[in-house]
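Q: From the sequence below, what's the structure:
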Amino acid sequence: MDVYSVRQINNLPREEKLDIYSELILPELLARYGISAETLTDVHGNRLVEFICEAGTSFVEMEIWPAPGARDPLLSLQIADTVNGQLEVLLFVINDPDGERFDVDRDWQGRRTKFGKMYRNVPEEIRAMQAGLAPGQVRRGLRLTGLLLPQLERFVTRLDHDMFFIEPLAYHNAIHFERHGFAYMMGRSKMEWINAEFAPGGILYQRLDGSTPFRQPEFAHTVRGRSWAIHDGILDKPFSGIRMYKRVGRHAGVCTFPNAVY
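A: Here you go, the predicted structure:
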């Protein structure tokens, strides 16, 4: 049976849909952490790869865990159908389980911060920033985007699509996706405006006045520094309205921050 959407896959018998979704699994990640590619378990039989793909829904979530009871997954990937029949990556997070953890995902009252969009844990954010992390990261990453994207493209092709969409959660995500060949459906002019205004004399450059730890003058010159300043509200509004897409097998060659240092 040919399938063209997440909803169609989710309506298949469980073993059939898991066979299809297993194409999203990165073999290198399984090998690195001792997870069997056949059983998706560790040597003790603990299942470390989980799929949420309920029948009748248009959403799938894949999580790969480093060990039973681990606090954070190695990989969390969410894909959904759009209202016009395209495919969209809703969430894409890779964590290094051996890296130090920063509790930026919870505030001092234990509330979920929603990547800092609802609440913030500023002391933990400062620690994360000083350790070289970007906004929203609880741990450093594993630098596997370049390996995972071909897996995504094969999955997209399997469903007879030639592109997929993603909405970057933060400025550094958008620059990261540019480097991996994404183009803008919405928001390129905003990204170019941000770049121009972080130049000497620009509005955002002038706001890097040291008034908070996230607004240091030198942050204008790096992707991560700009992203922390934007996370801190330097735009006077949330970072939003950015929608990107990747065509299978093509690099768009877009760059809104030339010669950027991460």
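
Q: Spatially central, which residue of the protein would that be?
A: Nearest to the geometric centre of the chain sits Phe92, at 3.5 Å (Cα atoms, centre = their mean).

Q: That residue: what's it in contact with?
A: By Cβ atoms under 8 Å, 6 or more residues apart in numbering, the contact set of Phe92 is Ser76, Leu77, Gln78, Leu148, Ile166. Heads up, the C-betas are built off the backbone N, CA and C, glycines and all.

Q: please redo it, this time with the cut-off set to 6 Å
A: Applying Cβ atoms under 6 Å, 6 or more residues apart in numbering, we find Phe92 in contact with Leu77.

Q: buried stuff in whichever helix or strand it is part of?
A: Secondary structure assignment for Phe92, by DSSP states H and E: strand 87-94. For strand 87-94, burial by neighbour count (16 or more other Cβ atoms under 10 Å) applies to Leu87, Glu88, Val89, Phe92, Val93, Ile94.

Q: ok, now stretch 162-176?
A: Of the residues in stretch 162-176, those buried under the neighbour-count criterion (16+ other Cβ under 10 Å) are 163-176.

Q: mind checking pLDDT for Gly116?
A: Listed pLDDT for Gly116 reads 62.

Q: what do you get for Asp107?
A: The model reports Asp107 with a pLDDT of 67.

Q: Adding pLDDT, write the buried residues of strand 87-94 out as a markdown table.
A: Putting these into a markdown table (pLDDT from 0 to 100) gives the following:
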| residue | pLDDT |
| --- | --- |
| Leu87 | 97 |
| Glu88 | 97 |
| Val89 | 96 |
| Phe92 | 88 |
| Val93 | 91 |
| Ile94 | 92 |
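
Q: What strands flank the strand holding Phe92, and is each parallel or antiparallel?
A: strand 75-81 (antiparallel), strand 163-166 (parallel) (DSSP bridges).

Q: if we can go back for a sec, quickly list what the residue nearest to the centre of the chain is bridged to.
A: Applying DSSP bridges to Phe92 gives these bridge partners: Leu77.

Q: Please, where are all the strands along the chain?
A: For the chain, applying DSSP state E gives strands covering 49-52, 59-64, 75-81, 87-94, 163-166, 183-186, 243-247.

Q: Pipe those strands into CSV and attach distance to Val43 per row.
A: Putting these into CSV (distance: least, Cβ to Cβ, whole Å) gives the following:
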stretch, distance to Val43
strand 49-52, 15
strand 59-64, 16
strand 75-81, 20
strand 87-94, 23
strand 163-166, 35
strand 183-186, 43
strand 243-247, 36
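
Q: Glu192 is in contact with Pro258, isn't it?
A: No: the pair formed by Glu192 and Pro258 falls short of the contact definition of Cβ atoms under 6 Å, at 10.6 Å.

Q: Neighbour count: these two, which is higher?
A: Each of Glu192 and Pro258 had its neighbours counted (other Cβ atoms under 10 Å), and the higher figure belongs to Glu192 (13 against 6).

Q: before we move on, back to that, could you dump the strands paired with strand 87-94 into a markdown table and include distance to Asp105 and mean pLDDT?
A: Output for those, formatted as a markdown table (distance: least, Cβ to Cβ, whole Å; pLDDT from 0 to 100):
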| stretch | distance to Asp105 | mean pLDDT |
| --- | --- | --- |
| strand 75-81 | 12 | 96 |
| strand 163-166 | 20 | 97 |
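
Q: now these as a markdown table including distance to Phe102?
A: Listed next are these as a markdown table, based on distance: least, Cβ to Cβ, whole Å:
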| stretch | distance to Phe102 |
| --- | --- |
| strand 75-81 | 17 |
| strand 163-166 | 24 |
